[in-house]
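**Student:** attaching a predicted model along with its sequence, questions to come.
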Amino acid sequence: MADTCPSCRRNFKRLGTHWARSECERPSFSEHQIEILVGLLMGDGDIHGRSDPNPHFRIRMTNPAFLSYLDDCFGVLSTGVFLDRDADYQYRQAAESEHEKFTVTNREEYNDLHGLRTRSHPQLHELKQWYRSGEKRFPSDLTITPTIAKMWYVCDGWLAQEKDHRPCVMIKATNEADRAEYLKNLFSEQGLEPHFTRTELQFTTNQTEGFLDWIGSPLPGFEYKWPSLRNQE
């Protein structure tokens with residue numbers, strides 16, 4: 001499949017190679033696209049090729065509908081959605097695992113794992129700095145926006161439902177568990193005051209509706225994380 005260079009309007013099977021060897025420049029990520037990358041990097045995303053002149057971003061999950069949405073968002077800066085590992089392969093790996101604590105479940109509980117990667121890009125050097133300590137850590141000067149929070153939520157968030165209570169938003173932040181105040185302060189400008197317990201941020205049931213209103217409409221494949229809370233009162 002060929003892609004069109006937005007500069008010279010010619011088609012290339014390896015668009016990144018064309019940009020590296022010609023006078024055509026890579027288009028820049030927009031501010032909105034950078035916010036998407038930041039939010040995804042807070043969750044399931046990773047920066048790869050960190051020792052390369054131009055690293056790339058990658059995300060893998062079992063939700064191809066959402067990855068197709070991201071592919072549209074990034075346009076020519078995406079290399080497309082791909083099948084990383086099918087369900088049978090993952091099941092066989094589990095069945096052959098020698099880890100004594102691993103319990104093999106039913107084949108039906110495994111799903112295809114899909115992925116998406118961006119093209120290598122110099123703008124991703126800034127996000128590469130998240131790994132300076134040797135592991136991924138959120139930058140101390142991070143300012144969260146509705147788009148960033150939404151992407152983080154679809155990756156690492158869920159709705160916890162307790163008996164006789166409305167659901168509340170939870171967001172896992174295991175790698176940042178030693179920075180509870182930092183995590184809570186990310187939302188202070190929005191008037192939200194989540195609690196942090198063990199490895200998760202938890203919004204009260206009263207604040208959950210405000211959080212979901214702030215981040216905006218549901219995203220493809222994750223509609224179930226946006227229930228109509230008003231109908232449950």
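**Tutor:** Perfect, thanks for sending it. Numbering: from 1, shown residues only.

**Student:** buried ones in the lowest-mean-pLDDT helix or strand in the chain, by neighbour count?
**Tutor:** Least confident element among the helices and strands of the chain, by mean pLDDT, DSSP states H and E: helix 87-96 (a mean of 75). Within helix 87-96, the residues scored as buried using 16 or more other C-beta atoms under 10 Å are Q90, Y91, A94. No exception for glycine: its C-beta is placed from N, CA and C like everyone else's.

**Student:** max-length strand in this structure?
**Tutor:** When the chain is parsed with DSSP state E, its longest strand is strand 78-85.

**Student:** what mean pLDDT does it get?
**Tutor:** Averaging pLDDT along strand 78-85 yields 90.

**Student:** so what's T118 up against?
**Tutor:** T118 is in contact with L37, H56, F57, R58, F74, L77, S78, T79, L124, counting by C-beta atoms under 8 Å, 6 or more residues apart in numbering.

**Student:** so what's the residue count around the first one?
**Tutor:** Taking other C-beta atoms under 10 Å as the neighbour definition, L37 ends up with a count of 27.

**Student:** repeat for the last one
**Tutor:** By other C-beta under 10 Å, the residues close to L124 number 23.

**Student:** before we move on, what about the fourth one?
**Tutor:** For R58, the neighbour count with other C-beta under 10 Å is 19.

**Student:** hang on, isn't it packed against R119?
**Tutor:** No. Counting by C-beta atoms under 8 Å, R58 sits too far from R119 to count as a contact (11.3 Å).

**Student:** returning to that earlier point: ok, so of the buried residues of helix 87-96, who is nearest F222?
**Tutor:** Nearest to F222 out of these is Q90 (C-beta to C-beta; 21.2 Å).

**Student:** what's the burial count for L83?
**Tutor:** Residues lying near L83 (other C-beta under 10 Å) number 11.

**Student:** need the contact list for it.
**Tutor:** For L83, the contacting residues are D112, L113, H114, G115, by C-beta under 8 Å, 6+ apart.
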